[in-house]
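In: Can you look at this prediction? I've put the sequence above it.
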Amino acid sequence: MAEKLDMFQNRLSKVYKHLGKLAKRQGIACYRVYDHDLPEFPFCIEFYGDKLYLAEYKRRHGLSDEAHDDWLHKCLPVIAMVLGIPVDEIYWRQRERKAGRQGQYEKQASEGEFFAVSEAGLSFWVNLTDYLDTGLFLDHRITRGMVKEASAGKDVLNLFAYTGSFSVYAAAGGARSVTTVDLSKTYLNWAERNMQLNEFFGASTHFIHADVKQYLEALPDAAFDVVIMDPPTFSNSKRMKDFLDIQRDHVPMLNQTIRALRPGGSIYFSTNFTKFVLDDAAIQASSIRDITKATTPFDFEGKLKRWCYLIKK
């Protein structure tokens with residue numbers, strides 16, 4: 001065990017030295033520092049300001065509960081020492097690897113411990129204890145910046161909005177209006193709080209509690225200039241009229257969204273379904289560009305498991 005811990009310590013030290021330097025140079029306080037680099041240590045480790053989020057991917061480790069607890073408690077001091085974070089500032093949880101983000105609405109605890117973190121001069125509430133996801137998807141850091149640059153004077157629609165980070169960026173970019181849509185009241189309220197935290201709240205901000213598939217059917221033509229669509233791979237919530245399967249449903253959903261765009265409008269479409277195949281020929285767009293590589297942050301290089309496209313009307 002001691003030999004393996006040394007191996008883990010060396011690996012973590014190496015990646016932290018490299019990624020920490022890049023984060024500091026770019027003024028980034030929230031980033032991923034380790035993601036299952038060694039099979040024996042299946043962790044995802046992320047910085048959120050001065051706090052550390054540690055997720056252990058579920059696996060068949062063959063250990064008893066006691067032996068597993070002992071292993072984990074030997075790992076924690078190593079992580080704390082290398083990353084310079086006190087053990088009591090490490091937020092640990094266990095999670096399963098899932099295809100996409102269909103588990104994002106599952107509440108895990110009720111500690112209610114929210115704190116604000118900074119990204120690109122904007123602030124976001126995160127929660128490292130109560131939900132499977134923290135409230136800020138770090139892999140879309142660059143995509144959010146693209147949306148900000150594209151939003152000046154535009155009417156922006158954020159679908160499957162989660163906690164509204166894209167909405168905050170759009171407002172920061174000078175959007176004329178921002179409409180935020182999600183099926184979860186919990187996450188829609190979180191999105192409102194994020195907008196309020198950044199003082200982007202008023203007549204030009206709209207929050208809609210809806211099943212996106214049904215919402216798209218009722219959208220008027222040529223109502224928006226920029227749309228963000230980051231759906232789960234699969235969802236069968238009881239609140240939905242029909243289940244969502246992104247491979248099956250992406251063509252009709254995108255075509256409905258394109259109809260709601262003004263001429264020259266853009267859709268930033270992403271999916272975490274690793275086996276996803278975009279049906280270019282069936283999508284009624286003037287151009288489709290794969291921007292996966294262009295939107296991959298330094299802390300996800302070689303490990304990003306999502307696709308991202310810029311679709312123009």
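Out: Looks like it came in fine.

In: residue ranges with poor pLDDT in the protein?
Out: Within the chain, the stretches with pLDDT under 70 are 95-111, 236-241.

In: got the domain boundaries for it?
Out: Domains of the chain are assigned by automatic domain parsing as 2-95, 139-312.

In: just those: most buried one?
Out: Among the domains of the chain, domain 139-312 has the highest mean neighbour count (mean count of other C-beta atoms under 10 Å), at a mean of 18. (Glycine included, C-beta is placed from N, CA and C.)

In: what about that one, start to end distance?
Out: 23 Å (C-alpha to C-alpha, to the nearest Å).

In: now swap in stretch 252-269 and tell me
Out: End-to-end distance of stretch 252-269 (C-alpha to C-alpha): 13 Å.

In: Could you list the residues in contact with it?
Out: Here stretch 252-269 makes contact (C-beta atoms under 8 Å, 6 or more residues apart in numbering) with 143, 146-147, 150, 157, 159, 166, 212-213, 216-217, 219-231, 250, 282-285, 308-313.

In: do stretch 26-37 as well
Out: Contacts of stretch 26-37 (C-beta under 8 Å, 6+ apart): 11-12, 15-16, 19-20, 22-23, 42-49, 57, 83, 117-119, 126, 136, 138-139, 141, 297-300, 303.

In: For it, list the C-alpha coordinates in CSV.
Out: Extracted C-alpha coordinates of stretch 26-37, given in CSV (Å, rounded to 0.1, in the frame of the first residue of the first chain):
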residue,chain,number,x,y,z
GLN,A,26,-4.9,32.4,-16.5
GLY,A,27,-6.4,33.5,-13.2
ILE,A,28,-8.6,30.4,-12.9
ALA,A,29,-9.7,29.4,-9.4
CYS,A,30,-11.9,26.5,-10.4
TYR,A,31,-10.3,23.7,-12.3
ARG,A,32,-9.8,19.9,-12.4
VAL,A,33,-6.5,18.7,-11.2
TYR,A,34,-6.8,14.9,-11.4
ASP,A,35,-9.1,12.5,-13.2
HIS,A,36,-8.5,8.8,-12.7
ASP,A,37,-4.9,9.2,-13.9
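
In: how about the helices in the chain?
Out: Using DSSP state H, the helices of the chain run over 2-26, 65-83, 141-150, 165-172, 185-197, 212-217, 246-259.

In: Isn't Phe43 up against Lys58?
Out: No. The criterion here is C-beta atoms under 8 Å, and Phe43 misses it with Lys58 at 11.8 Å.

In: Next, work out how far apart the closest residue to Asp245 other than its chain neighbours and Asp249 are.
Out: Nearest in space to Asp245, with sequence neighbours left out and distances taken as C-beta to C-beta, 6 or more residues apart in numbering, is Phe234 at 5.6 Å. Noted for Phe234: a distance of 10 Å to Asp249, by C-beta to C-beta, to the nearest Å.

In: And for Ser123?
Out: Distance from Ser123 to Asp249, by C-beta to C-beta: 34 Å.

In: go on, Leu38?
Out: The separation that Leu38 has from Asp249, given C-beta to C-beta, amounts to 37 Å.

In: now swap in Thr129 and tell me
Out: Distance, Thr129 to Asp249, using C-beta to C-beta: 33 Å.

In: How about Gly49?
Out: 37 Å.

In: repeat for Ile311
Out: Distance, Ile311 to Asp249, by C-beta to C-beta: 15 Å.

In: same thing with Asp279?
Out: Taken as C-beta to C-beta, the span from Asp279 to Asp249 is 11 Å.

In: do Asp6 as well
Out: Counting by C-beta to C-beta - Asp6 and Asp249 are separated by 48 Å.
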